[in-house]
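J.: sequence below, structure please.
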Amino acid sequence: MDYFSHSWLPYMYLYGIGGIFFFSGVYIVWKTGAIDLNRPHHRTWMKVFFLGYAWFMIVHGLFTILALQ
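T.: Just a heads-up that it's a prediction; the model follows:
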């Protein structure tokens, strides 16, 4: 069985293409001035967004590794 095409290829697609949409959205929000990073509340939410994206990517990757063993 080809583990790469059934496990890691969808993972890379999900976080690669999804990441493009996620970071494009963050860029649009930033360029339109909808967020002011000088405000602590806005900085906190940007950290939540980025750390949340990284958290789900890491947890998904770990569960994929555990499932393949």
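J.: packing partners for the top helix by length along the chain?
T.: Using DSSP state H to define each element, the chain has its longest helix at helix 40-68. Contact analysis of helix 40-68 by 3 or more Cβ pairs under 8 Å, 6 or more residues apart in numbering; DSSP states H and E lists helix 9-31 as its packing neighbours. (Each C-beta comes from the backbone N, C-alpha and C, glycine too.)
J.: so for the helix it packs on, what gets flagged as buried?
T.: Judged by neighbour count using 16 or more other Cβ atoms under 10 Å, the buried positions of helix 9-31 are residue 15.
J.: can you find the helix or strand of this structure with the lowest average pLDDT?
T.: Least confident helix or strand, the chain: helix 3 with a mean of 79, by mean pLDDT, DSSP states H and E.
J.: what sits up against it?
T.: residue 68 (Cβ atoms under 8 Å, 6 or more residues apart in numbering).
J.: related to what we said a few turns ago, what about the longest helix of the chain, average pLDDT?
T.: Helix 40-68 comes out with an average pLDDT of 96.
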